[in-house]
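Chemist: Take this sequence and fold it.
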Amino acid sequence: MNLRGLIKGLKIKSIRGELDVDIKGVVEDSRLVKPGFLFVCIKGREFNGHKFIFQALEKGARAIAGEEEMPQLPGITWIRVENTRRFLSFVAHRFFGEPGKSMKIMGITGTNGKTTTSYLIYRIMERAGYGVGRIGSIWYEWKGRRLPASLTTPQSLNLFSLLSEMLQDGVKEVVMEVSSHSLSLHRVDALRFSWAIFTNLTPDHLDFHGDMEEYFRAKLKLLDLLKEKGKVFVNMDDPKFSRIPLLTRKEVITFGEKTEAHYRIMEWESNWEGVEMLISAKGEKKRIFLPFPGKFNLYNAVAAVAWAREEEISWKVITETLANMEPVPGRFEVLKNGEIRVVVDYAHTPDALNRLLENVRELTPGRVITVFGCGGERDREKRPLMGKVAEVWSDWVIVTSDNPRREDPELIIRDILNGMEGKNHEVLIDREEAIRKAIGMAEEGDTVVIAGKGHENYQIWGETIIPFEDKLVAENFLKERRKLKV
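Modeler: Now for the predicted structure:
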């Protein structure tokens, strides 16, 4: 693609060199540079792309974009910009043919509930005949295809390449989880969303954002990326997000249990089979069943209902789709073994763990045995809070490892134990052994909760990624348990 056309209209500080040159590819990783490529220098937390300029030139880069002053070399076009992350978003979108302009895209953001809500809406759209794709945790999927998800919201180059591929396959609508990192790091700046859904906001990623107000502001950036006639869907029961109707001139549709919500949860019941609720939909009352246990799934369901009804999708499609939903991998996923149950869940924040265990406690006649840990190189402040939550709702807690990365797992566990005052816990650093112990000690009527990793199929120790999936490990030990009972 012609470099002049690639950067036309973008905010540029200075240009040195020719613009009428053919750019064969765009990358932010110098190792991926090929002859004729544009190399965009990104400043990260660990690496500064500007330090790899000469490596990119040796590999044949034709143009370099950066924020810093750059050496002048013949035959190379130098582009200096204010923010290379934002620049990359627009350049990548343009390089892949601006697929977002031909699609209606939904952005779902919040601390918890993004994945399940996106699944519910994706399935409703499929059943209603939309040519829809989904981008988010676990998989990127469309038209029967599934690709493993590397990030909740992919990096700009991967995102727009993916959207381009979807568009070529006839996808016209996309349901997309939008993380706070992707908003802060400008990955989605080139997109304009048709719908935005705000699920809830509780402490998470504070090692990155600093405090809750900055975290909130990061989420609010999604409002700035809405189309002129874009609609906003807001959980009015969330203290932070309930402020959104006062912060935007866009049309706002509200949901929750509060009486002023457009789509209101009036009555509900939850058991191991799922949740049943009575919803007031702008005055129209309907009963909905979702085969996912837990009160928090009421909000995921009512958000999906609100969007679907605003799009005039029939109640028949909505109710039948929700009632026949398959479990979302690693989201309150229940494994049953006769007299005991095992719940595998992604809960990795204090609020998510609290909601999960509170719901399990209400459903469990016997003991609640919880296995969990906290990830390394992530927000340390939440570790003791999660320890306290686990202790409050559990009869027994096994504190273990969860992707320690380059941190000492014993030090991570020590942080967790700082929030635990009682004696209803033990430490088993090996996560597999922790799961084995929990399932082995469970008795009739007990529930074992394995929290923190959900759908993930790996453990990160140092620089090594080891295959590991909570669900598969638990299933193996449940089989072992059955054999011993025979």
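
Chemist: Nearest residue to Gly242 in space, please, no chain neighbours.
Modeler: Check again: residue 242 is Ser, not Gly. Met236 (5.0 Å; CB to CB, 6 or more residues apart in numbering). For glycine as for every other residue, the C-beta is placed from the backbone atoms N, C-alpha and C.

Chemist: ok, the one you found to Asn158 distance?
Modeler: Distance, Met236 to Asn158, using CB to CB, to the nearest Å: 34 Å.

Chemist: cool, Arg123 as well?
Modeler: Computed as CB to CB, the Arg123 to Asn158 distance reads 24 Å.

Chemist: quick one, which of the two is more surrounded?
Modeler: Higher neighbour count among Arg123 and Asn158: Arg123, with 20 against 16, using other CB atoms under 10 Å.

Chemist: mind checking the SS state of that one?
Modeler: Per DSSP: H, G, I helix; E, B strand; the rest coil, the secondary structure class of Arg123 is helix.

Chemist: Just the pLDDT for the spatially closest residue to it that is not a sequence neighbour.
Modeler: Using CB to CB, 6+ apart and skipping the chain neighbours, the partner closest in space to Arg123 is Thr321 (5.2 Å). In this prediction, Thr321 carries a pLDDT score of 98.

Chemist: pretty sure Thr321 contacts Ile124?
Modeler: Yes: using CB atoms under 8 Å, Thr321 is in contact with Ile124, at 4.9 Å.

Chemist: Could you tell me the end-to-end distance of stretch 233-241?
Modeler: 10 Å (CA to CA, to the nearest Å).

Chemist: Show residues contacting it.
Modeler: Residues outside stretch 233-241 that contact it (CB atoms under 8 Å, 6 or more residues apart in numbering) are 110, 195-201, 212, 216, 219, 242, 244-245, 252-258, 260-261, 299, 303, 306-307, 310.

Chemist: List buried residues within the residues you listed.
Modeler: Listed as buried from the contacts of stretch 233-241 are 110, 195-201, 216, 219, 242, 244-245, 252-257, 261, 299, 303, 306-307, 310; burial here means 16 or more other CB atoms under 10 Å.

Chemist: Okay, and which of those map to strands?
Modeler: Among the buried ones among the contacts of stretch 233-241, the residues falling in strands (DSSP state E) are Trp195, Ala196, Ile197, Phe198, Val252, Ile253, Thr254, Phe255, Gly256.

Chemist: Can you lay out those as a markdown table showing pLDDT and distance to Lys8?
Modeler: Output for those, formatted as a markdown table (pLDDT from 0 to 100; distance: CB to CB, whole Å):
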| residue | pLDDT | distance to Lys8 |
| --- | --- | --- |
| Trp195 | 98 | 29 |
| Ala196 | 98 | 28 |
| Ile197 | 98 | 33 |
| Phe198 | 98 | 34 |
| Val252 | 97 | 35 |
| Ile253 | 98 | 37 |
| Thr254 | 97 | 40 |
| Phe255 | 97 | 41 |
| Gly256 | 96 | 44 |
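
Chemist: Check the spatially most distant residue from the centre of the chain and give its pLDDT.
Modeler: Centroid-distance maximum for the chain: Pro74 at 44.3 Å, with CA atoms, centre = their mean. Looking at Pro74, its pLDDT reads 84.

Chemist: my guess is it is in a strand, correct?
Modeler: No: Pro74 is assigned coil when assessed by three-state DSSP, not a strand.

Chemist: Could you shift the numbering so residue one becomes 7, and keep it that way?
Modeler: In the new count, where the first residue is 7, that last one comes out as Pro80.

Chemist: Which strands and helices lie in contact with the particular helix or strand that has Ile111 in it?
Modeler: Here Ile111 is covered by strand 110-115, with elements defined by DSSP states H and E. On a contact count with 3 or more CB pairs under 8 Å, 6 or more residues apart in numbering; DSSP states H and E, strand 110-115 meets helix 120-133, strand 179-183, strand 199-204, helix 218-230.
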